[in-house]
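*Asks:* Just to be clear, the model below is a prediction. Sequence and coordinates:
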Amino acid sequence: MDKRHENNEAFLRVNPFLRDVGIPDDLRDIIFSIAHAGKYVAHSIRNGSLGYAHSENPSGEDQLALDVVADKIFCEHLNSTCRVGTFASEEQEAEVKITCSDGQHYAVAFDPLDGSSLVSANFAIGTIFGIYAGDQFLGKKGREMVAAGYILYGPRTLLVVATEKGMWEFTENGIGEFVLSRENIVVEPDAKYFAPGNLRALAERSDYEKLFLHWAKTPLTLRYSGGMVPDIHMIISKGSGIFCYPGHSAYPNGKLRLLYECAPFAYLIEKAGGVAKDEFGVNILDKEIKTLHHRSSILIGSKNEVEQALSFLNKK
Ligand code: P6P
């Protein structure tokens, strides 16, 4: 049963709580380090430059100064744990190998600041991460992750993380601690909300147009901000909904990247009882990581709605 902790009991801080639910020390150190880095990123969002870095990321997208700062903050924090041997970032072309004395056991993939272009509109944005045992990403599948999560920088700064032991939401309190605010998170099979991404594809895809009109004529409520993290958190927070980002001629395989956007959310949504598939019905967690930045279409959320939406798409 979904349980929310409203008064942020201090003893439910992220580190002792994850220890008490049995997360191993080395994995817990990484999760805590990411949460700690998130506080510095939140500060940068609220106080840093909103300008461009005059550079591009490996996907050819303009980088904001905040993208570069967030990437540096996470790299430095992961480096200092001495638990991470390899990391991959949306902002860096290749994997980064870290050498520490005691050897490392994990590989971390992350999107340091997804939706950063929305900051100028003061919209919520987020960090996405996925953690694998070992030191490789390529050739693996999302189902092999040992943990995944996101940090949502909104009116409150939230950390949502899942491992094989469960899925939890922590809220940053007034003294900078992440304190448990929700556990036993469930996404119901039927959707009450829909987040239709890439609507420009309606101009060339009659199948997506039919699906959009289907949603628009049902009692479902449209909730779409253009930020993957808040848009999918909305579904996780309300316990119901579907987020969809199909491909079209400009993005034949969809826009979102498998390794550090789609797969971590697919891991989380399955822990909550939902599902994530590409527009051809392939489970996101069963798709092989072929390159660090390759893209995938995605439908994610309430499992009955995902299946119904798939019945509209790519009909011959
Ligand atoms: P569009 C943000 O740039 C992002 O990577 C995701 O956060 C979001 O879901 C998607 O792109 C939005 O794409 O085409 O609506 O701008």
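*Replies:* Yes, it's here. Owing to the predicted nature of the structure, the values given are computational and were not obtained by experimental measurement.

*Asks:* Could you find the closest non-adjacent residue to residue 181?
*Replies:* Among residues not flanking residue 181 along the chain, residue 171 sits closest, at 4.1 Å (C-beta to C-beta, 6 or more residues apart in numbering). Where you see a C-beta, it was placed from the backbone N, CA and C, and this is true even at glycine.

*Asks:* ok, the one you found touching residue 155?
*Replies:* No. The criterion here is C-beta atoms under 8 Å, and residue 171 misses it with residue 155 at 10.6 Å.

*Asks:* higher neighbour count, the two?
*Replies:* Higher neighbour count among residue 171 and residue 155: residue 171, with 18 against 7, using other C-beta atoms under 10 Å.

*Asks:* for whichever strand or helix holds the residue nearest to residue 181, what is the average pLDDT?
*Replies:* Per DSSP states H and E, residue 171 falls inside strand 166-172. Taken as a whole, strand 166-172 has an average pLDDT of 95.

*Asks:* which helices and strands does it pack with?
*Replies:* Applying 3 or more C-beta pairs under 8 Å, 6 or more residues apart in numbering; DSSP states H and E, one finds that strand 166-172 makes contact with helix 14-20, helix 25-47, strand 157-163, strand 178-183, helix 263-271.

*Asks:* Could you measure from residue 246 over to residue 199?
*Replies:* 10 Å (C-beta to C-beta, to the nearest Å).

*Asks:* For the ligand, what's the nearest residue on the protein?
*Replies:* For the chain and the ligand, the shortest gap (C-beta to the nearest ligand atom) falls at residue 228, measuring 3.4 Å.

*Asks:* picking up where we left off before, more neighbours: which of residue 246 and residue 199?
*Replies:* Per other C-beta under 10 Å, whichever of residue 246 and residue 199 has more neighbours is residue 246, with 25 against 14.

*Asks:* surely that one meets residue 310?
*Replies:* No. Taking contacts as C-beta under 8 Å, residue 246 lies outside contact range of residue 310: 10.4 Å.

*Asks:* Show me whatever sits in contact with both of those two.
*Replies:* Counting by C-beta atoms under 8 Å, 6 or more residues apart in numbering, the contacts common to residue 246 and residue 310 are 279, 299.

*Asks:* Quick one: the helices in the chain, in order.
*Replies:* All helices of the chain, identified by DSSP state H, fall at 14-20, 25-47, 65-81, 206-216, 228-238, 263-271, 303-310.

*Asks:* Least confident of these, on average?
*Replies:* Among these, helix 14-20 carries the lowest mean pLDDT (a mean of 87).

*Asks:* Go ahead and confirm residue 87 touches residue 111.
*Replies:* No. Using C-beta under 8 Å, residue 87 makes no contact with residue 111, being 11.8 Å away.

*Asks:* For the two, work out which one has more neighbours and name it.
*Replies:* Between residue 87 and residue 111, counted using other C-beta under 10 Å, the more crowded position is residue 111 (30 against 25).

*Asks:* any idea of the pLDDT on the more buried one?
*Replies:* On pLDDT, residue 111 comes in at 98.

*Asks:* For this protein, which residues are neighbours of the ligand?
*Replies:* 114, 115, 197, 198, 226, 227, 228, 245, 255 (C-beta under 6 Å from any ligand atom).

*Asks:* hmm, try it at 8 Å
*Replies:* Contact residues, the chain versus the ligand (C-beta under 8 Å from any ligand atom): 61, 111, 114-118, 125, 197-200, 224, 226-229, 231, 243, 245, 255-256, 261.
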